[in-house]
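In: Generate coordinates for the sequence data below:
(2 chains)
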Amino acid sequence: MAYVIYLIFYGFLLTAAIGLLASWIDRKVTARVQYRVGPPILQPLIDIVKLLGKETLVPRGASKIIFLTAPLVGLTSVMLVSTLLWVNNIDYGRGFLGDLIVVLYLLTIPSMSIIMGGFASGNPLASLGASREMKLVLSYELPFVLVAFVSVIKAGFSIRLGDILMSQAQNGVVVGSWSGILALIVAIMSVQAKLALVPFDIPEAETEIVSGPLIEYSGSGLAAYRLMKNMLLFTLPFFLMVLFMGGLRLDGVHFLYGVLKYIGLVALITVIRNTNPRVRIDQAVRFFWGPMTIIAILAVLLAFMGL
Amino acid sequence: MAKTIIPIGPYHPLQEEPEFFTLTVEGERVVDIDVRIGYNHRGIEKLSEMKTFDQSTFVIERICGICSTSHPFAYTRAVEDIIPVEVPERAKYIRTIIAEGERIHSHLLWLGLAGHFLGYNTVYMWAWKLREEILDVMEILSGNRNNYAMFKPGGVRRDIKPEDIPGVIKKIDSIVPTLLMLKKAVMDDPVLHVRTKGIGILTKEDAINYSALGPTSRASGVARDVRKDSPYGAYDKVDWEMIVTQNGDVFDKVVVRILEMFESVKIMKYCLLNLPKGEIDLNLKDIPPGEGIGHIEAPRGETFHYVISDGTNRPVRHKVRAPTFMNLPTYKATVVGETISDATIILAAIDPCYCCTERMAVRNAKGRKLYSGEDLVRLSQEKTEKIRKGLK
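Out: A predicted model of the protein is given here:
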């Protein structure tokens, strides 16, 4: 029963609420940077509610079942990741062995769902976007998994999120070491790509391929994708906090630190997305397989040496 | 690899104008491009022929919302060429000031859009915010933010008040630091370099062969500028430089436009400070029969107008050629071989203005025959005959 509460309350409702708020912060800060006024605080929620009330169109050439279930697959996986993260942050002991691996796997599923939906829609621009998304996934997953390994080493080779958090509570946060700083840099870049934000919004580039995989989505399908993206805006920074910054502790002043860490990460993501143009897909692949992978390997080596 | 058709247009968030590019792609690489225009034909030339010489300037001004002064400028010069007559010095200076102000706002607008096409929306919003300043200057000078209505055959409609000049110069000076900031932001950004350098190269030979105009040709090393080649207005009295770069890629097209804005500021300031005294209008009464041409350097290149008068108060024929008409075909040379991601910025790099360029082409659906002007006149006469017979 406790798990159901975690799933519904923490995994979905709380994550969605924080994610919508974070997406409002992102939009508002972006607007202020660009001399605009920006949306009111409830706008992200209003957008989704409005989309839920709209007609869902399925294009004629589309494979109907995959087209309609793909957004739900993505949404569910984000929910599960978020639940796992909350469980571990609230109660270290409740996690299970290997939940880090599960989280890493589940975090690729939103991208997979976008690829599925894009190809299922049968639109040439959507399949172009989906193939770009595929290339992007292939490029950033390697450094992302490598830097996750840094935290595993720091926690004494444990692949339990609870152990990673515990060791950080005892020995100080991972990002306090040289390897941790390098790992966090690579991780933030990968998260930027996972969120498909500038400079890595290549799969959805509005001015090139008109939102790519999402081009044919409307109504509740689009609402599910929007909600998934907003929830990812909470889940991914939260995951980075767990891996590198000691997670979110609910006792007293530590809770405040946790909130500040989260806001800091979201602000950083927003700043990166507002101070860069979009790169090309081949440049993105070269960026992740070149400098980012090298830095990630360096971070792992440093972690091995205890730095 | 299988070839796919990627359509850009007729309505596409890339450029909010009706245009249609068919990109044939292999994977991400563009192997062929087909450009279709003509979705928004407005018959402006015909409209202009139905107005008097004076009224036409207002219609012509509305050909384009961005370079709204370049068309009346070329048109009035064409009309003055029929007589022929020289406008008063003061009017020449005022015309130059307005044309250069327009160049600054047009280049800023393009710079913002170029940022948007690259997904760099901060540059987009900032450039447009800075553009407000120059629009304010234009509002003080002409009373309008856009579509200034300053031109008439024989002079200008509105004088610049001497008491306005110090304030205007102060405002223009305030633009320079922000332009410098924008120049630094664009020219020092490593990611922008990666996206624009060596992309969509228009070689010097291609620029000459395709008769590219304006910044598009100047970025390819072709020193072609009506303001220097056949000076009009006050351009021969001002000391300014033609910006020419050699590489012909997207980055050079950005650089040319940014540096040109500084030259425009220089020209505007010189003209405002050295505004000669005297009349601003010749008060032309009659336009004799004859033909005249007028060409000026618009922000996008040479705008060319041709007017025939038969001695009445309206033009019998008015022909407009906007610079984009010459720059569009260069796509064949620049886009083919690049990726789709780069195609958008290459398409935007010539600063296309479709509404200036729109042409109408009439096709016979069965025989796929393209009708010429004479064919259309004949068709229309046949139709009239048919109706007339039907009445009997």
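In: Find the least confident helix or strand in the chain, judged by mean pLDDT.
Out: With no chain named, the answer covers chain A. helix A:206-209 (a mean of 72; mean pLDDT, DSSP states H and E).
In: that's the wrong chain, I wanted chain B
Out: For chain B, counting by mean pLDDT, DSSP H and E, that's strand B:363-364 with a mean of 65.
In: How about the residues of chain B by chain A?
Out: By C-beta under 8 Å from any C-beta of the partner chain, the part of chain B that sits against chain A consists of B:4-6, B:12-14, B:28, B:115-126, B:129, B:189, B:191-192, B:194-195, B:339-344. (C-beta placed from N, C-alpha, C; glycine too.)
In: Residues of the stretch 201-307 of chain A that sit close to chain B?
Out: A:201-202, A:205-210, A:274-283.
In: Just the pLDDT at residue B:288, thanks.
Out: pLDDT, residue B:288: 88.
In: in chain B, which residue is closest to the centre?
Out: Closest residue to the average C-alpha location of chain B: residue B:300 at 4.3 Å, with C-alpha atoms, centre = their mean.
In: Surely it and residue B:214 touch.
Out: Yes. Using C-beta atoms under 8 Å, residue B:300 makes contact with residue B:214 at a distance of 5.0 Å.
In: Common neighbours of the two, please.
Out: Listed contacts common to residue B:300 and residue B:214 are B:323, B:327; contacts here mean C-beta atoms under 8 Å, 6 or more residues apart in numbering or on different chains.
In: quick one: low-confidence ranges for the chain?
Out: In the absence of a named chain, this looks at chain A. Along chain A, segments meeting pLDDT under 70 span A:1.
In: not what I meant, chain B
Out: Within chain B, the segments meeting pLDDT under 70 span B:1, B:13-15, B:355, B:358-368, B:392.
In: The helix or strand hosting residue A:44 - contacts with which helices or strands?
Out: Taking DSSP states H and E as the criterion, residue A:44 maps to helix A:43-52. Counting contacts by 3 or more C-beta pairs under 8 Å, 6 or more residues apart in numbering or on different chains; DSSP states H and E, helix A:43-52 is packed against helix A:15-33, helix A:219-244.
In: Now do it and helix A:219-244, the angle between them.
Out: Helix A:43-52 and helix A:219-244 are oriented at 140 degrees to each other (axes from the mean of the first three to the mean of the last three C-alpha atoms, to 10 degrees).
In: ok, and for helix A:43-52, which residues are buried?
Out: Going by neighbour count (16 or more other C-beta atoms under 10 Å in any protein chain shown), the buried part of helix A:43-52 is A:44, A:45, A:47, A:48, A:51.
In: what sits against the second one?
Out: What that stands for is residue A:45. Residue A:45 touches residue A:20, counting by C-beta under 8 Å, 6+ apart.
In: Look up how far residue A:223 lies from it.
Out: Computed as C-beta to C-beta, to the nearest Å, the residue A:45 to residue A:223 distance reads 11 Å.
In: And the next helix or strand past the helix or strand where residue A:111 lies?
Out: For residue A:111, the host element (DSSP H and E) is helix A:99-120. Once helix A:99-120 ends, the next helix or strand along the chain (criterion: DSSP H and E) is helix A:124-154.
In: That following helix and chain B in contact?
Out: Yes. Using C-beta under 8 Å from any C-beta, helix A:124-154 reaches chain B at A:124, A:125, A:128.
In: Let me know the closest of those to residue B:61.
Out: Using C-beta to C-beta, residue A:125 is the member of the residues of helix A:124-154 next to chain B that lies nearest residue B:61, at 37.3 Å.
In: what about residue B:314, how many neighbours?
Out: By other C-beta atoms under 10 Å in any protein chain shown, 17 other residues sit near residue B:314.
In: same question, residue B:375
Out: With other C-beta under 10 Å as criterion, residue B:375 counts 13.
In: One more: the one 3 residues further on?
Out: Residues near residue B:378, counting by other C-beta under 10 Å, number 12.
In: Then residue B:7?
Out: With other C-beta under 10 Å as criterion, residue B:7 counts 13.
In: That one contacts residue B:24, doesn't it?
Out: No. With contact defined as C-beta under 8 Å, residue B:7 does not count as touching residue B:24 (10.6 Å).
In: The residue in chain A sticking out farthest from the centre: what's it in contact with?
Out: In terms of distance from the mean C-alpha position of chain A, residue A:60 ranks first, at 31.8 Å (C-alpha atoms, centre = their mean). With contact set as C-beta under 8 Å, 6+ apart, residue A:60 has no partners.
In: any idea whether it is helix, strand or coil?
Out: Look at residue A:60: counting by DSSP: H, G, I helix; E, B strand; the rest coil, its state is coil.
In: I'd like the distance between it and residue A:67.
Out: From residue A:60 across to residue A:67, the span is 11 Å (C-beta to C-beta).
In: which non-adjacent residue is nearest the residue in the stretch 151-300 of chain A that chain B sits nearest to?
Out: Per C-beta to the nearest C-beta, residue A:278 is where the stretch 151-300 of chain A lies closest to chain B, at 3.1 Å. Leaving aside its sequence neighbours, residue A:278 sits nearest to residue B:119 (C-beta to C-beta, 6 or more residues apart in numbering or on different chains; 3.1 Å).
In: now swap in residue B:36 and tell me
Out: residue B:20 (4.1 Å).
In: That neighbour and chain A: what is the separation?
Out: With distances defined as C-beta to the nearest C-beta, to the nearest Å, the gap from residue B:20 to chain A amounts to 14 Å.
In: Residue B:379 now?
Out: Where chain A is concerned, residue B:379 sits at a distance of 38 Å (C-beta to the nearest C-beta).
In: wait, what's in contact with that residue?
Out: By C-beta under 8 Å, 6+ apart, the neighbours of residue B:379 are residue B:371.
In: What of residue B:54?
Out: Here residue B:54 is in contact with B:152, B:153 (C-beta under 8 Å, 6+ apart).
In: let's see 6 Å
Out: residue B:152 (C-beta atoms under 6 Å, 6 or more residues apart in numbering or on different chains).
In: Would you agree it falls within a strand?
Out: No. Residue B:54 is assigned helix when assessed by three-state DSSP, not a strand.
In: If you drop the residues flanking it in sequence, what lies closest to residue B:125?
Out: Per C-beta to C-beta, 6+ apart, closest to residue B:125 is residue A:34, 3.5 Å.
In: Ok, residue A:114 next?
Out: Per C-beta to C-beta, 6+ apart, closest to residue A:114 is residue A:213, 4.9 Å.
In: Then residue A:204?
Out: In space, residue A:204 is closest to residue A:212, 4.7 Å off (C-beta to C-beta, 6+ apart).
In: My guess is that neighbour contacts residue A:130. True?
Out: No. Applying C-beta atoms under 6 Å, one finds residue A:212 not in contact with residue A:130, separated by 7.1 Å.
In: who has more neighbours, the two?
Out: More crowded of residue A:212 and residue A:130, by other C-beta under 10 Å: residue A:212, with 26 against 23.
In: dump the residue contacts of the more buried one.
Out: A:129, A:203, A:204.
In: need these in CSV with neighbour count, can you?
Out: Below are the contacts of residue A:212 laid out as CSV (neighbours: other C-beta atoms under 10 Å in any protein chain shown):
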residue, neighbour count
A:129, 29
A:203, 28
A:204, 24
